[in-house]
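> coordinates only, no sequence provided:
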C-alpha cells in the first residue's frame, strides 16, 4: 500500500468534493493511469475482482478497494453509479 492514503468505503465517495486539477502533471503518467484503469475495468467485468484506487479529493489522499464497473472519458464508475474523476486518481491495481 502507498503510505499516507486514508482507507475509505465506496459509500463515502458521493460526499467528497473533487478539484478540477489533475493530480498527475506528467503525460506519460496519465497514459499509464488510463491503461491501468482499462485493466481494472476488464478485471471487474470478467472476474469481478476488486482493485485499490488511490485518489485525492479536496481534503486528502484516499484509497478505496472496489470493483470498477465502467470507465468514461472523465470518470471511473463504481457500483451504484458512484464515480471518481479520472484526473483525481493517482493509480489503481
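Yes, it's here. The structure presented is a predicted model; accordingly, all values stated were derived computationally and were not measured.

> residues of stretch 80-93 that come out buried?
Buried residues in stretch 80-93, counted by 16 or more other CB atoms under 10 Å: 82-92. (Glycine included, C-beta is placed from N, CA and C.)

> actually stretch 57-77, not the one I wrote
Going by neighbour count (16+ other CB under 10 Å), the buried part of stretch 57-77 is 57, 61-64, 66-69, 71, 75-77.

> residue ranges in this protein under the pLDDT threshold?
Scanning the chain with the threshold set as pLDDT under 70 gives 1-2.

> now the strands for it?
6-7, 51-56, 61-66, 68-71, 75-78, 83-85, 89-92 (DSSP state E).

> ok, of the buried residues of stretch 57-77, which one's closest to residue 34?
For the buried residues of stretch 57-77, the residue nearest residue 34 by CB to CB is residue 71; the value is 8.4 Å.

> verify the contact between the closest one and residue 84 for me.
No - Residue 71 is beyond contact range of residue 84, at 10.4 Å (criterion: CB atoms under 8 Å).
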